[in-house]
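Q: Sequence first, then the predicted structure, then my questions.
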Amino acid sequence: MAEATTPTAELAGLGGRVRRALAWSAFNNIAIRLGSFGVSIMLARLLAPSEFGVYAVALTVQTIVVAFAELGLSADLIRKGNIAERAGTATTVATASSALLAVAMCLLAGPIAMAMGSPEATSVVQVMSVTLILSGFSVVPYAVLQREFRQSAQMSVDGLSLVLNAIVTVLLILLGFGAMALAIARVVSQAGACALQFRLARVWPRFGFDRTMAIGLVRFGLPLASANVVSWAVLTVDYMIVGSALGAVLLGFYVMAFNISSWPMGALGAAVRAVALPAFARLTDPSPRAAALHAAVALSWSGALLAGVLLSGLATVLIPLVYGARWLPAAAALVGLGLFGAVRVVTDLLSSFLIAVGAPRTVLWAQLSWLVALVPAMVVGVRYWGIAGAGWAHLVVALVVVLPLHLALVRPYAVRTGVVLGHLLVPVLAVLPAAVVGIGVSGLFDNRLLALLVGGMLTTVLFVAPLARWLPRRFRELRGSTAGPPPESADPDNGEPVLVAGPAGAGHRTS
C-alpha cells in the first residue's frame, strides 16, 4: 500500500517546488546574463571582429558536437528518475561517447575550419574539443540538480563558470592569445563548474555498466541527441553560410547580433526550460499538464516578445552605445534576429513539453523540418541582403514553418491549439501600439543613452498596462495546474511515459 501512495506523497507539493525553482531559475539566468553581458562588452572592446569570427567558428563546431555527446541521457534521467540506480551506466555511456566525439572533432578540426572559411580556427577547435568530455562526464550531477528542482545550486554552478571564464579570458587576451583565449577559458570554466556540480549534487563519479539499462537509456536518448544536433545545426548553419559567403569580419558582426538576440532565450527561455522538463514529466495527468503548458506559453511569450521588440526596434541605438561604434553594422542583422529570439522561447517550451511526454522522435522530425526549411531561406537571404537577410530568414522560417509545426505536434497530448494561439495573439496586439509610440519617441533624442532609456521604458509601460489583468490570470492558471497531486496510479518513475495518444535541445549544461 505504501508503494501505491508514494507518487502522490512525492508530488503533493509540486506546485510550490515548481514556483520556487522557477523563481531561482529566473533570478539565476537574469544574474548570469547580466554578468555575461558585462563580459561581452569588455571582450567587444578587447577583440577585433575578425578574432571574434574565428572563435565563432570553433564555437559553432563545439555546440553541434556537444549536443550529441552525452546522447540525451540527462533528459531521460530527469524525466524518469531512478538516477542513483542508473548513474554508473549513464556516466560510462555518456563519457565514452563524448570522448570518441572529442577525438573525432580534434582530428577533423582542420578540414572543418577550412570549409567554414576560417583555417586559422583549427587550433581553437581542437582546444574546444576537451569540453565534450567534461559534458559527458557531468551528466549525472546535472540530472540530479534538475530533477530535484535545485535551481539555487545550479546558480552557484553557473556563477562559478562565469567568473572563471571572465578572469581567464581577460588575462589571456592581455597576454596576446587572441581568439584562443576564449577557447581555453571555456575549458577551464567548464572544468570548475563540473567539479562543483558533483559537490552540490552530493554524488561522486561512478562508472558501471548494465546492458539492459544502457539499451533503455540509448533508446530514449539517441533520437533526442539527434534532435539536439539538428537543433544546434539550425542555430549555427547560418554561421557557416555567412562565414563562407561574407568572410570572418561580417561573421563577427553577425555573431554579435545573434548573441544579443539570444538574451530573451538565455534569460527567460532557459529559466523556464530548466523547470519545465521535470515539471511536465511529473504532471502525468493530461489535462493539468496541458493547462500548465497553455499558461506557460502565455507568460513566457509575453516577456520574450517585449524583449524581442525592444532589441529589434532599438538595435541601432543599443549596439553602438554598449559595444562601441565599430560594431554598428551588427544592427542590420539584429532587427530580424531580435524578433526571432522571442519566437525561439515558445518553440523551445513546446519541445520541452514533447520531451517530457516521451516523444523524442517527434522532436527530431520537427528539428529536421526546421533545418530543411532554413537552409535555402538562409542562402537566399545572405546572397541578396547580407547579414540582415540572414536575420530575417530565421524569423520567416520560425513563423511560417516551425511554430505551426510544433503546435500541430503537441495537439495529441490534450493541448488546445486555439487556446495557445489566443495566448500568443493577445501580447502581439498589446505590443504593436506600444512599440510604435515608444520606439518612435526614442528617435527624437540624439543622445543614445537617453533614447534607449526613454524608448525602453515607454514601450514597456504601454505594453504592460493593457495586460495588467490578463497576465495575473495566466499566472493563477499555472499555479492551479500544478497545485494538486496526480492520480494515485500515476508513477513518474515506472520507466514508461504516460501518453494521451498513441524535447528540443539539451538542457542547459555548464559551458
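A: Sure, I can see it.
Q: buried stuff in the helix or strand hosting residue 239?
A: Using DSSP states H and E, residue 239 sits within helix 211-246. Neighbour-count burial for helix 211-246, with 16 or more other Cβ atoms under 10 Å as criterion, is recorded at 213-214, 216-218, 220-243, 245-246. Quick note: C-beta positions are derived from backbone N, CA and C, even for glycine.
Q: where do the helices sit along the stretch 251-400 of the chain?
A: Applying DSSP state H, counting those that start in this stretch to the stretch 251-400 of the chain gives helices spanning 263-264, 270-282, 286-313, 315-323, 331-356, 360-397.
Q: Pipe those helices into JSON lines and attach mean pLDDT per row.
A: Output for the helices of the stretch 251-400 of the chain, formatted as JSON lines (pLDDT from 0 to 100):
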{"stretch": "helix 263-264", "mean pLDDT": "74"}
{"stretch": "helix 270-282", "mean pLDDT": "65"}
{"stretch": "helix 286-313", "mean pLDDT": "90"}
{"stretch": "helix 315-323", "mean pLDDT": "89"}
{"stretch": "helix 331-356", "mean pLDDT": "91"}
{"stretch": "helix 360-397", "mean pLDDT": "92"}
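Q: For those, give me JSON lines that also has mean neighbour count and distance to residue 153.
A: Output for the helices of the stretch 251-400 of the chain, formatted as JSON lines (neighbours: other Cβ atoms under 10 Å; distance: least, Cβ to Cβ, whole Å):
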{"stretch": "helix 263-264", "mean neighbour count": "24", "distance to residue 153": "24"}
{"stretch": "helix 270-282", "mean neighbour count": "25", "distance to residue 153": "12"}
{"stretch": "helix 286-313", "mean neighbour count": "23", "distance to residue 153": "23"}
{"stretch": "helix 315-323", "mean neighbour count": "20", "distance to residue 153": "31"}
{"stretch": "helix 331-356", "mean neighbour count": "26", "distance to residue 153": "20"}
{"stretch": "helix 360-397", "mean neighbour count": "20", "distance to residue 153": "27"}
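Q: Minimum distance to residue 462: which of these has it?
A: In terms of Cβ to Cβ, the element of those nearest to residue 462 is helix 286-313, at 10.3 Å.
Q: on that earlier part again, figure out which of the helices of the stretch 251-400 of the chain is closest to residue 252.
A: Nearest to residue 252, of these and by Cβ to Cβ, is helix 360-397 at 10.2 Å.
Q: and the angle for that closest one with helix 286-313?
A: Between helix 360-397 and helix 286-313, the angle comes out at 30 degrees (axes from the mean of the first three to the mean of the last three Cα atoms, to 10 degrees).
Q: What distance do you get for residue 408 to residue 350?
A: From residue 408 across to residue 350, the span is 10 Å (Cβ to Cβ, to the nearest Å).
Q: What's the first helix or strand after the helix or strand harbouring residue 84?
A: Using DSSP H and E, residue 84 sits in helix 83-107. Toward the C-terminal end, the helix or strand that comes next after helix 83-107 (DSSP H and E) is helix 109-115.
Q: how close does the nearest residue to residue 245 once chain neighbours are set aside get to residue 237?
A: Leaving aside its chain neighbours, residue 245 sits nearest to residue 382 (5.2 Å; criterion: Cβ to Cβ, 6 or more residues apart in numbering). Residue 382 sits 11 Å away from residue 237, going by Cβ to Cβ.
Q: do residue 258 as well
A: The value you get for residue 258 to residue 237, if Cβ to Cβ is used, is 12 Å.
Q: same deal with residue 254?
A: Separation of residue 254 from residue 237 (Cβ to Cβ): 12 Å.
Q: quick revisit: what sits up against the helix holding residue 84?
A: Helix 83-107 is touched from outside by 61-62, 65, 68-71, 73-74, 77, 125-126, 128-130, 132-133, 135-137, 139-140, 143-144, 147, 203, 205-210, 213-214, 217-218, with contacts defined as Cβ atoms under 8 Å, 6 or more residues apart in numbering.
Q: Report the buried residues of it.
A: Within helix 83-107, the residues that count as buried by 16+ other Cβ under 10 Å are 83, 86-95, 97-99, 101-102, 105-106.
Q: Having no further points to raise, I will conclude here.
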